[in-house]
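> coordinates for the following, if possible.
(chains A and B)
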Protein chains: 2
Amino acid sequence: MDFEVKNSRLAQQMQFIVEIDKLKQVLRQTLLMDASRQENSAEHSWHLAMMAILLAEYAPSPNIDVLHVIKMLLIHDLVEIDAGDTFCYDVQGNLDKALREIQAADRIFGLLPEEQGTQLRCLWEEFEAQETVAAKFAAALDRIQPLLHNQQTQGGTWRIHGITRKQVLQRMYPVKDGAPDIWPAVEKIVEDCVLAGYLAP
Amino acid sequence: MDFEVKNSRLAQQMQFIVEIDKLKQVLRQTLLMDASRQENSAEHSWHLAMMAILLAEYAPSPNIDVLHVIKMLLIHDLVEIDAGDTFCYDVQGNLDKALREIQAADRIFGLLPEEQGTQLRCLWEEFEAQETVAAKFAAALDRIQPLLHNQQTQGGTWRIHGITRKQVLQRMYPVKDGAPDIWPAVEKIVEDCVLAGYLAP
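Numbering: from 1, shown residues only, chains lettered A, B, ... in the order given. The predicted model follows:
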């Protein structure tokens, strides 16, 4: 990237746009719904943003700021460019996850013009803190999406790692708070998956 | 998907969320910025939505509705699930592109509850019509992103297909109108790419 000095703000932004292309190479444990390959974190983030549009009506507050939720979902995995994706059921990997991700946030959001980098970092921290209604709704979507993937792939990741019904329900628990009107459907999907033999009882 | 009848609205929405997973399998001509593989349309859509957040300040109107732009960008390629991605420089493929995409829109948006499907279809039609400021800004981003990919891959798709400077400038032309403050940077990138031998003069 090589613009004139007067354009250095735009040059920084372009450099960031180039940098985040790497999220397309961060592989998640989740398989695509036809089980053909692992999902990457960029397309996962797209899917979540689509879900925010489609399911906004189930947010606990009718005044939910959908743009705010979408921004959080689009950027929530950017730190994985440096820190990698940590499998949610990996106890060891989750011990130092927070530190690795904070260092990643310093570097990645630091590429942007300062006030813009701070804005994006605040969104990421809000998502991580799980205190606001928007962050809780965003997290609920982030749980429901892989549930659908595991259902569609006849238990995909669950089977590979021997995950049980109890572990999945625990993992899904934020849906109860973040998108309560979807919780019954989540419970139904989990029970259906147990009955179908996709998930250990 | 098998919910109770009272939840049929949510069941339709979940079915749509499952259906659009297929966008992750639609390959574009564009290569990832490290040239390791072709980009798919889902991760491309994520990248564009990120660009809308990052570059909103360059929209021609300070009152641009960023949520509206992001929604358009997230859904603008959904019709490719049925119609496939048509390479922008493929004259033959572009002849029947419109018809293929309209049929795809009928089927795909038709999966949703009627009023929600209509809302999304309207967004897609607005993007296609290229009449509103939001649609023009969205289209500008959709042109700038592959330009960056081709720059980063030392001419990636251009070299494979023998694309010339004139063709690229023509393809980039909507940036002039949709994001005029970015146009000088686009011209500079194109000229740099010619000088570097990435693009035929």
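> quick one: A:Ile20 from B:His44, how far?
13 Å (C-beta to C-beta, to the nearest Å). C-beta here means a position set from N, CA and C on the backbone, and glycine is covered the same way.
> who has more neighbours, those two?
Each of A:Ile20 and B:His44 has its neighbours counted (other C-beta atoms under 10 Å in any protein chain shown); B:His44 has more, 27 against 22.
> surely the more buried one meets B:His76?
No. Judged on C-beta atoms under 8 Å, B:His44 makes no contact with B:His76 at a distance of 9.6 Å.
> and stretch A:52-68, what's buried?
Buried residues in stretch A:52-68, defined by neighbour count with 16 or more other C-beta atoms under 10 Å in any protein chain shown: A:52-56, A:58-59, A:64-68.
> next one: stretch A:187-201
Within stretch A:187-201, judged by 16+ other C-beta under 10 Å, the buried ones are A:189-190, A:193-194, A:198-200.
> nearest to chain B, of the residues you listed?
Among the buried residues of stretch A:187-201, A:Ile189 lies closest to chain B (C-beta to the nearest C-beta), at 8.6 Å.
> and the gap between A:Ala42 and A:Met51?
Counting by C-beta to C-beta - A:Ala42 and A:Met51 are separated by 15 Å.
> neighbour count for those two, which is higher?
For A:Ala42 and A:Met51, the more surrounded residue by other C-beta under 10 Å is A:Ala42, and the numbers stand at 31 against 26.
> now tell me what touches stretch A:136-147 from outside.
Stretch A:136-147 is contacted from outside by A:28, A:30, A:44, A:47-48, A:51-52, A:55, A:59-60, A:64, A:69, A:72-73, A:76, A:127, A:130, A:157, A:168, A:171-172, A:174-175, A:177-179, A:182, A:186, A:189-190, B:17, using C-beta atoms under 8 Å, 6 or more residues apart in numbering or on different chains.
> so where's chain A uncertain?
A:1-7 (pLDDT under 70).
> if we use 90, what do you get?
Within chain A, the ranges that satisfy pLDDT under 90 run A:1-7, A:62, A:85-98.
> what are the boundaries of the helices in it?
A:8-19, A:41-55, A:66-75, A:80-83, A:91-95, A:97-109, A:114-129, A:133-152, A:156-161, A:165-172, A:174-178, A:183-195 (DSSP state H).
> closest to B:His161 out of these?
Closest of those to B:His161 is helix A:8-19, at 22.2 Å (criterion: C-beta to C-beta).
> and that closest one, how far out from the chain's middle?
Going by C-alpha atoms, centre = their mean, to the nearest Å, the spacing between the C-alpha centre of helix A:8-19 and its chain's C-alpha centre is 24 Å.
> do it and chain B meet at all?
Yes. Contact of helix A:8-19 with chain B (C-beta under 8 Å from any C-beta of the partner chain) involves A:10-11, A:13-14, A:16-18.
> turn those residues into a markdown table, columns for distance to A:Asp90.
Shown next, in a markdown table, are the residues of helix A:8-19 next to chain B (distance: C-beta to C-beta, whole Å):
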| residue | distance to A:Asp90 |
| --- | --- |
| A:Leu10 | 40 |
| A:Ala11 | 38 |
| A:Gln13 | 34 |
| A:Met14 | 35 |
| A:Phe16 | 29 |
| A:Ile17 | 31 |
| A:Val18 | 30 |
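> out of those residues, who's nearest B:Leu112?
Once C-beta to C-beta is applied, the member of those that ends up nearest B:Leu112 is A:Ile17, at 30.9 Å.
> contacting residues for the residue lying closest to A:Ile53 once chain neighbours are set aside?
Of all residues not flanking A:Ile53 in the chain, B:Lys71 sits nearest, at 5.9 Å (C-beta to C-beta, 6 or more residues apart in numbering or on different chains). Applying C-beta under 8 Å, 6+ apart to B:Lys71 gives the contacts A:53, B:120, B:123.
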